[in-house]
Structure formats: structure tokens, C-alpha cells
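> just coords:
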Ligand SMILES: Nc1ncnc2c1ncn2[C@@H]1O[C@H](COP(=O)(O)OP(=O)(O)OP(=O)(O)O)[C@@H](O)[C@H]1O
């Protein structure tokens, strides 16, 4: 995290839905290996921004670059192949399938060979690829400590475990950048502590760059390298966790405290 080029560069992104301006000229960049959090009040545009990065939404204006490549016009699957993974605010698991199948299914579109290749599947190294894929999924399952539920039907699991399985499915795609949309929402304290530990390990040991939206300020301040604050679709602050917490614009957005307009040093969009 020194003089490297950013892995993700967002330039002047605006997003308009009919009369609603979800994002207004937001720019920021994330360096390889960073754990970067996006915070802000409800409706501030956090999920919209994540959707612009993953490809679910195309910005009305502005651009998204990933590893130096302009991906603004690319579809989500193409961005996934380049190395962008994500989890969702609302769980998106196949409830009737078991945990292992839920995790495996995420990687199928990345495999070069599949059943549709016919003979190639059996003679073209596909079995080896499938085996390697399975082995990697097993590593992810061990890492996220969900071996004991690998055969359980996803829909029968507790909310906290389902969130962990959803993370496993995203990690199984081996993304270089993982987007986490409220990974701790609805969790109890113990589940949150576990999830925070997994996110730190993904970042530090597995080398994944993380962009996370999270409402739990304690967790955000504890584990983030840098934090960006959105309010009404605009960036109002960005910096180290302590700097952001001390920012008067942020205090105002969150707590309704008086904004100190005289503070020229604060980074404001
Ligand atoms: N698909 C959509 N169609 C129309 N308006 C949308 C759409 N998605 C988001 N919006 C609007 O854009 C604004 C920003 O929403 P967004 O979900 O990005 O905020 P958020 O910061 O993630 O909020 P929360 O913390 O409540 O999840 C809101 O006014 C929302 O109603």
C-alpha cells in the first residue's frame, strides 16, 4: 500500500433514477490490499456505488476502472471474470441447495470447460479443473469454519451462518477485489466478531482488497484502513478512520451536530 496504482478508480460517478439522484460526482480510489469502507446514513448511495462497481448499475456519467482497465460498460459477469466479487445486502443463496453446492455454483461460469464442451469435458483437462475447483472450495469452507454444515440445506441455517456461506461463495470465485454489502447486518455480537476476523484474514492472509459497506461503526473503525462517507449521494469525507470520525461534516450527517464551516483542512468533496 505505498506508491502502487489503484486497483479500483472511481471518477466523477453520478447515477440518476428518474428524478432521484442516487450519486453525484463521486470520485475515490482503492489501492491493492486495502480494506476500504463506505459509510453514510440510509439512502446515502452506498449500495448504488457498490452496484456501479460490480456492474449491476451503469453510471449515468463518470467511469469505473479496475486494474487500470475501463470497465464502465462491462456486464457483471465480465467484471467477475476480471476479479470483482461481491456479497449482497439481502441474502442471495439457493435455499433448497446444500452449502457445498451453493459455494460450487458460483465458480462454474469461470471454469474453462463444462459439460457443454462434450468430449472436451472428459479429455480436455476438465476433470482436473473441476477437481482443483472443488479443492479450492474445500479450502474456503475450512477457512470460513463451515465444514460441519457443508451438507446442510442452506435455507435451514441461521441467518449468521447463511451470511457466512454467501461470503464463501463470493470468495470461491477467487476475486482480487471483494465488495461486501453490510456483511454484519442482523448478526449478534459473537457472529459479528467472527465475521470481522474472517474479513481481516481475507484481507491480510488471502491478499484480497476489500470494499465494505457496514453500519456498525465500531467494526468499521476497528478494521478499515480508510473510510469514505457518503451523504445524499455526495462524498462528504474520506480518510483514516480517526480523521473521518473527527470530521465535523460527518458528525453533522450522523448526529445532527453543528457543521464547523471554518475548518478548511477537512477533506470534503
Ligand atoms: N433501482 C433503483 N430505482 C430507483 N431508485 C433507487 C434504486 N436504487 C436506489 N435508489 C435510490 O437511490 C438512493 C440511494 O439508495 P442506496 O440504496 O444506494 O442507499 P444506501 O446508502 O445503500 O442506503 P441503505 O443504508 O438504506 O441501504 C435512494 O434514494 C434510493 O431510493
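Yep, that arrived. Since this is a predicted model, take the numbers as computed values, not measurements.

> how close does residue 99 get to residue 175?
20 Å (CB to CB, to the nearest Å). (Glycine included, C-beta is placed from N, CA and C.)

> of the two, who's got more company?
With neighbours defined as other CB atoms under 10 Å, residue 99 and residue 175 compare such that residue 99 has more, 25 against 20.

> residue 147 is in contact with that one, correct?
No. With contact defined as CB atoms under 8 Å, residue 99 does not count as touching residue 147 (9.5 Å).

> mutual contacts of these two, please.
residue 141 (CB atoms under 8 Å, 6 or more residues apart in numbering).

> what's next to stretch 206-224, contact-wise?
Residues contacting stretch 206-224 (CB under 8 Å, 6+ apart): 7-8, 30-39, 46-47, 50, 53, 89, 143, 171, 175-185, 192, 196, 199-200, 202-203, 227, 241-242, 245.

> and those residues, which of them are in strands?
Within those, residues falling in strands by DSSP state E are 8, 30, 35-39, 177-181, 227.

> how about residues contacting stretch 60-69?
Residues contacting stretch 60-69 (CB under 8 Å, 6+ apart): 5-16, 25-27, 52-53, 70-72, 79, 82-84, 176-177.

> look up how far residue 211 lies from residue 203.
11 Å.

> which of those two has more neighbours?
residue 211 (26 against 21).

> which residues touch residue 38?
46, 49, 50, 211, 212, 213, 227, 228, 229, 230.

> my guess is the second one contacts residue 8, does it?
Read that as residue 49. No. Under the criterion of CB under 8 Å, residue 49 makes no contact with residue 8, lying 10.9 Å away.

> how close does residue 181 get to residue 166?
10 Å.

> out of the contacts of stretch 206-224, which end up buried?
7-8, 30-39, 46-47, 50, 53, 143, 171, 175-185, 192, 196, 199, 202-203, 227, 241, 245 (16 or more other CB atoms under 10 Å).

> just these that are near the ligand?
46, 47 (CB under 6 Å from any ligand atom).

> tell me the buried residues in the helix ranked longest in the chain?
Ranked by residue count under DSSP state H, the longest helix found in the chain is helix 126-143. Going by neighbour count (16+ other CB under 10 Å), the buried part of helix 126-143 is 126, 129, 130, 133, 136, 137, 140, 141, 143.

> closest to the ligand among those?
Nearest to the ligand, judged by CB to the nearest ligand atom, of the buried residues of helix 126-143 is residue 140 at 26.9 Å.
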